[in-house]
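>>> Give me a 3D structure for the following:
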Amino acid sequence: MAAGPLLAEAVPAASAAGVPLVTVLTPTVEAGGPDLPRLEAEAASAAPVDRHVAVRPTDAATILYTSGTTGTPKGAVGSHLAIVEQVHCALIDAFDLRADDIIFGGLPLFHTFGQTSVMNIAFRRGASVILLPRFDPEQALGLLVEHGATVFTAVPTMFVGMIEAARRSDGRPPLRYAVSGGAALPVAVLEAFEETFGAEVHEGYGLTETAPTVSFNTVYEPIRPGTVGRPFWGVDVAIAEAEVEGRIEFAEPGALGEIVVRGHNLFKGYIGRPDASSEAVVDGWFRTGDLGTMVEGVITIVDRKKDMIVRNGYNVYPTEVEAVIARHPAVAMAAVFGLPDDTHGQEIHVAVVPHEGQDVDPEELIAFTRERIAAYKYPRVAHVVESLPLGGSGKIVKRTLVEQFSAVRR
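As a prediction, this is how the structure comes out:
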């Protein structure tokens, strides 16, 4: 099944796969639409379901694809138990969600964040969701104000977009709080959003393979900016030695390592990819590929293992550098990445999008960062761009930047 805006990709894909295609929300043939079966027509002529079909809690319920920000997306199979427990844990321990709340739903519903952490939770509580097919900051702000949104749930790039949109409008929704996930939220962006909209931002952490939430800065405790809070009930989190393959070897308390997860939220494996499944789940623990620390039960994400830059033998974590650059008054968004370098192994690059109406001088930006971070960590090359490449879930796709600027260097 495919919605109207996706038919250009869906029709040839269905044909190549040899499967029938049903459309939804497409124009009728009389209105110039395609001559394809329509879900609305099929549903109108279908016999109503008499009763629910019983399933086991661990049976497959969803196949949701990973964002693919560091590689090819994989289809993660989620269970009924994982989804139901996510909703219950969120509503009992994490979110103060009420039936009269109005939640911004600009996240794509084909992604686990939007589907579970917005739609499913809202449906369970009976709250309302503002739907927006594709995120546009000005349109989003207008809808938030028009409908009186009380909860804003988004990925960091959307927070940046809303701050920019607010610079051009006096309209403000009556937000009670905001929720960030999907990628690390720079503390500077968190502070700017709170100052602009008067709503605390509660950051969490999760993955498609974990249904999605692993941990959260609950609304019932003071937030800890720069962290992703404590694990959900029933979810075990540990820090493992990142370099050890084939087994889980736990790191010393407080040490930096790879975040590993187990619990009711864990997926059943990647569809058609038993090799990837066995690599991801080791000794019963899911290896997230994220580096972080856990101190007194509070988790801090440092970066993705695959995004780490090694310059002159020193590890550089892009998220840390981005947090510094985010405080530059002319920078709206930044993405730090490494490119191969004959002298240093890798060189540190940054691509930045300026605030509207402002200019960023690359050399001044490099100097700004050098003054605020260790000497081996600051970027040596800065690129000023109009926009950053985003995936379907709104996260920055750094491999596209690597490909783009590697081609320029050649």
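
>>> which residue is nearest the middle of this protein?
Nearest to the mean C-alpha position of the chain, by C-alpha atoms, centre = their mean, lies residue 182 at 2.0 Å.

>>> which residue packs closest to that residue, ignoring adjacent ones?
Once flanking residues are discounted, residue 182 sits nearest to residue 155: 3.7 Å by C-beta to C-beta, 6 or more residues apart in numbering. Any C-beta I mention is one placed from the backbone N, CA and C, and that applies to glycine too.

>>> Next one, pLDDT for residue 410 please.
Looking at residue 410, its pLDDT reads 54.

>>> Give the ranges of residues in the chain that sit below the confidence cut-off.
68-71, 409-410 (pLDDT under 70).

>>> can you give me the helices in the stretch 201-350 of the chain?
274-280, 318-325 (DSSP state H, counting those that start in this stretch).

>>> Tabulate the ones you listed (a markdown table), appending distance to residue 299.
Below are these laid out as a markdown table (distance: least, C-beta to C-beta, whole Å):
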| stretch | distance to residue 299 |
| --- | --- |
| helix 274-280 | 19 |
| helix 318-325 | 14 |
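
>>> most neighbours per residue, which of the ones you listed?
helix 318-325 (a mean of 22; mean count of other C-beta atoms under 10 Å).

>>> which outside residues touch it?
184, 186-188, 226, 301-303, 307-309, 331, 334-338, 348, 350, 352, 365, 368-369, 372-373, 377-379, 398 (C-beta atoms under 8 Å, 6 or more residues apart in numbering).

>>> just checking, residue 117 touches residue 179?
Yes - using C-beta atoms under 8 Å, residue 117 is in contact with residue 179, at 7.3 Å.

>>> So between those two, which is more surrounded?
Counted by other C-beta atoms under 10 Å, residue 117 and residue 179 do not tie: residue 117 has more neighbours, with 28 against 24.

>>> And that one, how far from residue 109?
Between residue 117 and residue 109 the distance is 11 Å, computed by C-beta to C-beta, to the nearest Å.

>>> Please apply the same query to residue 103.
Taken as C-beta to C-beta, the span from residue 103 to residue 109 is 13 Å.

>>> just residue 170 next, same as before
Residue 170 is 31 Å from residue 109, by C-beta to C-beta.

>>> These two: who's more crowded?
Higher neighbour count among residue 170 and residue 109: residue 109, with 16 against 6, using other C-beta under 10 Å.

>>> Once you drop chain neighbours, what's closest to the more buried one?
Counting by C-beta to C-beta, 6+ apart, residue 109 lies nearest to residue 115, which is 5.1 Å off, once chain neighbours are set aside.

>>> Need the contact partners of stretch 264-280.
The contact list for stretch 264-280 (C-beta under 8 Å, 6+ apart) reads 58, 60, 63, 74-79, 81-82, 85-86, 208-214, 232, 234-235, 281, 286-287.
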